[in-house]
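[1] Predicted model and sequence below, questions to follow.
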Amino acid sequence: MGLEHLILIVVFVVSMLVGYKIIDRVPSLLHTPLMSGMNAYSGVTVLGCLTATAVAADMSNTVSRILGFIAIVLAMINVVGGFAVTDRMLRMFHSEGNDKGGK
Amino acid sequence: MLMNLPFSPVFLAVTHHTGTAATIYYVLAAILAITVLIGISMMSKVKTAVKGNLLGSVSMLLMIVLTLWYWNIFSFVELYISILLGAVIGLWLSVKVNMIQMPQMVGMLNGFGGAASMLAGILTLIAAGDGASADIFSLATSGLAIFVGAFTFTGSMVAAGKLHGVITQKPIEFKRHALWTALTLVLSLLTVVLLSIPAVLAATVAKTIIIIFSAIISGLFGIIFAIRVGGADMPITISLLNSFSGVAGAIAGLAIADPLLVSVGAIVGASGLLLTQIMCRSMNRKLIDILLGKTSTPQVKAIQSAAASVTAGAGKTEVKVAGAEELVADAVQTGPAYAAWLNDAEKIIIVPGYGMALSQAQPLVKNLMDELEDAGKNVEFAIHPVAGRMPGHMNVLLAEVDVPYEKLHEMEEINPQFAETDVVIVIGANDVVNPAANTAEGTPIYGMPILEVADAKHVIIMNYDKQPGYAGVDNPLYEDGRGDKIALLLGDAKESLKDLVKEYRSATSQAVTVAVTEDTVPAYSRWLKDAEKIIIVPGYGMALSQAQPLVKNLMDELEEAGKNVEFAIHPVAGRMPGHMNVLLAEVDVPYEKLHEMEEINPQFAETDVVIVIGANDVVNPAANTAEGTPIYGMPILEVEDAKHVIIMNYDKQPGYAGVDNPLYEEGRGDKIALLLGDATASLKNLLQELREYCG
């Protein structure tokens, strides 16, 4: 395990701690949008899928290319669906006056 | 220093930028990670949340572009096709979904993310070739990504299926469930270990088989884990799977040495973990119990002890109401359900047993019969051949108090009539009406002919206690949670009969008043009219019935009448964190009115009326008192502190936790009104009553 791996693990731990701290401030009112938003972020795995698929394409490995194609499609459904649904939900939260949520 | 580190995944056939370009990449990646965090922190306020979400999605788009650039993979056309295809499907899904389906939508999307991470792990391993140039760290993390990704995928799909009603919401337990869980878990981890050994990868066939096996066995683990979680534990499961989908991504990021992926995945993992903690606290569940499926088994005992404490409580309240004379009229209006059953009934069958004889309650039985007949009802008696201690025992006793013998019917003759009977009153009989005789093979009473009282619309059972009868076989009629069909009056038959007659008289007198003067309104209309401060407590029942628009109507009408209306949201009301908030926001309830539990609980004491709509466990006061039950210690909305409570619930069955709700007890009509049935129908009734009463 080299230095770069150690750094990756540090990134993992630090992100987790910072994320925990920030998310702790979200009120339960917004827990559903928070969860679906987080869900969208979990589609970030698309980054890995992109690289891996490109490698497969470069190596002309057909099985990998098909798997990679599926992986990117699934991850993108996750990302786009997640963000869009979160947006839809958040816009429903209206204030007492006429001001719409987020505006 | 970090900038110049050569992050080099195992499979580098494609070369990424180096030197200055790499430095730029790391700087931009760090900036994007920070904008993601800013976006998330903007989600903590409604006013900024939409923008926060937008910022997050733009950051994600930039991450994709940055990745394409860094790895020099702009030229692969298939990447664009797949990105576009996924985006279109995702957009289409997001437009199509109803708010009510949101939990299963989140579950499904979550599963897709998991699947993608699993595939990323598989691809990395394939690209690692014979493993000669690979390092163990990348191999191990690839294997882990397959494991976590696969069980996140299948687990999420099972959860989504349960939420969508495709799979039963009840916990499903396989034979030796714990063993299967352990076995699949150990085998999955074993494959991870195997895949980390470069030597194993050298044999292409072995490698392929292990990868496939790893994906399948990890997927099985996910299914076995999720299948035995009950519907109402879903907020916890969904949150947990959400966490795992992030962790899976982060692990995939470790495998291909992508710091952005690691960072964002970890944030998601932390978020899911936090939500899981909050859900567990609010449902009074230990996470480990959910994971080990300890949700269903210990409940049986708990229900019994809860039932015992509830019965004890019932006695007390009844005394109190009887003492407060001026309140009796009020109490009657929402009096016990069985009084209403009797009042509405046309055909009634009385089943006497040895308990009646022991209590010498025959004269009262005759009284009851007379009263019911005077009201124009048809009353018959069903006599089981072995009721009592000698043949024809019951006939003798009833004849003694002048019950005409034409009314005493033998079993074979009367059994077909139960189906068309409105109410059956069982007085001190047990084994002879025990339906277990039809079903419980191997018990002493199996096959014994019984009086089929369960065929009737309603059954009122007076029995000394809930102990099994002489034959020692538990009577399913005594089970909890059948309050919509069966009323159980425990204690001495004479006392129970007195109570019943009293309640019945009150019910009829009330019905008569309504019919004659037509100006008697339900007590709850008066409560609402006089109220200044009203709190509405929504629950999953509201969601199921899609009653949100009516709730909004109710709020508007009450506010127009100058009343203060607020909403109390329990953290686990519904099927996912914040479920109720979303549903109410959809119908334009201002979010300032939606209050968290800690914030609103002190306000109940100064509240005139609380309206509970389809919530049960989250307002169940047993959580404060019923030690040993699954909900004991769970924080609840203290609706009982308010002056009056209007409860709309489908029935009086205990909620998911299986603990009877003392709020549903009879004889609290001066404080609590119970509107049973579909929430939409109940709300419509309430609104109509209110409009008529208030003009």
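    Done, it's in.

[2] Neighbours of B:Ala399, how many?
    When counting by other C-beta atoms under 10 Å in any protein chain shown, one arrives at 14 neighbours for B:Ala399. (C-beta placed from N, C-alpha, C; glycine too.)

[3] Next one: it, what pLDDT does it get?
    B:Ala399 carries a pLDDT value of 74.

[4] where along chain A do the helices fall?
    A:3-23, A:31-42, A:46-58, A:62-90 (DSSP state H).

[5] Looking at those, which one is packed in the most?
    Each of those was scored by mean neighbour count; the highest is helix A:31-42, a mean of 30, by mean count of other C-beta atoms under 10 Å in any protein chain shown.

[6] how far off helix A:3-23 does that one point, in degrees?
    Between helix A:31-42 and helix A:3-23, the angle comes out at 160 degrees (axes from the mean of the first three to the mean of the last three C-alpha atoms, to 10 degrees).

[7] How far off centre is helix A:31-42?
    8 Å (C-alpha atoms, centre = their mean, to the nearest Å).

[8] got it, and stretch A:39-47?
    So, by C-alpha atoms, centre = their mean, the centroid of stretch A:39-47 is 3 Å from its chain's centroid.

[9] That stretch and chain B, are they touching?
    Yes: using C-beta under 8 Å from any C-beta of the partner chain, we find that stretch A:39-47 touches chain B at A:Asn39, A:Ala40, A:Tyr41, A:Ser42, A:Gly43, A:Val44, A:Thr45, A:Val46, A:Leu47.

[10] out of the helices of chain A, which comes closest to B:Val473?
    B:Val473 lies closest to helix A:31-42 among those, at 47.3 Å (C-beta to C-beta).

[11] which element follows the helix or strand where B:Asn624 lies toward the C-terminus?
    Taking DSSP states H and E as the definition, one finds B:Asn624 inside helix B:622-625. The first helix or strand that comes after helix B:622-625 along the chain, using DSSP H and E, is strand B:644-649.

[12] Okay, now the sheet partners of that next one, with direction.
    In the sheet, strand B:644-649 lines up against strand B:609-613 (parallel), strand B:672-676 (parallel) (DSSP bridges).

[13] Strands of the stretch 401-550 of chain B, start to end?
    With strands called from DSSP state E, counting those that start in this stretch, the stretch 401-550 of chain B shows them at B:408-410, B:423-427, B:458-463, B:486-490, B:533-538.

[14] low pLDDT regions in the stretch 51-200 of chain B?
    Applying pLDDT under 70 to the stretch 51-200 of chain B flags the ranges B:99-100, B:131-132.

[15] one step back: export the helices of chain A to TSV and tack on mean pLDDT?
    Below are the helices of chain A laid out as TSV (pLDDT from 0 to 100):
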stretch	mean pLDDT
helix A:3-23	89
helix A:31-42	87
helix A:46-58	86
helix A:62-90	91
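
[16] With distance to B:Gly114 added, can I get the ones you listed in CSV?
    Below are the helices of chain A laid out as CSV (distance: least, C-beta to C-beta, whole Å):
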stretch, distance to B:Gly114
helix A:3-23, 18
helix A:31-42, 8
helix A:46-58, 12
helix A:62-90, 9
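
[17] Which of those sits closest to B:Tyr632?
    Closest to B:Tyr632 of these is helix A:31-42 (C-beta to C-beta; 24.7 Å).

[18] how many degrees apart are that closest one and helix A:62-90 in direction?
    Using the same axes, to 10 degrees: helix A:31-42 against helix A:62-90 is 160 degrees.

[19] Helix A:31-42 - contacts with which helices or strands?
    Helix A:31-42 sits against helix A:62-90, helix B:20-42, helix B:46-70, helix B:102-127, helix B:234-255, helix B:259-283, helix B:579-586, with contacts defined as 3 or more C-beta pairs under 8 Å, 6 or more residues apart in numbering or on different chains; DSSP states H and E.

[20] Please compute how far the longest helix anywhere in chain B lies from its chain's middle.
    Taking DSSP H as the criterion, chain B has its longest helix at helix B:136-164. For helix B:136-164, the separation from the chain centroid amounts to 26 Å (computed by C-alpha atoms, centre = their mean).

[21] anything in it near chain A?
    Yes: judged by C-beta under 8 Å from any C-beta, helix B:136-164 and chain A are in contact via B:Ile136, B:Phe137.

[22] which secondary structure elements does that helix contact?
    Packed next to helix B:136-164, using 3+ C-beta pairs under 8 Å, 6+ apart, are helix B:102-127, helix B:177-195, helix B:198-202, helix B:204-227, helix B:234-255.

[23] Mind putting these into CSV with mean neighbour count?
    Shown next, in CSV, are these (neighbours: other C-beta atoms under 10 Å in any protein chain shown):
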stretch, mean neighbour count
helix B:102-127, 30
helix B:177-195, 17
helix B:198-202, 16
helix B:204-227, 20
helix B:234-255, 30
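
[24] now those as a markdown table including distance to B:Gly376?
    Output for the helices and strands packed on helix B:136-164, formatted as a markdown table (distance: least, C-beta to C-beta, whole Å):
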| stretch | distance to B:Gly376 |
| --- | --- |
| helix B:102-127 | 51 |
| helix B:177-195 | 56 |
| helix B:198-202 | 85 |
| helix B:204-227 | 54 |
| helix B:234-255 | 50 |
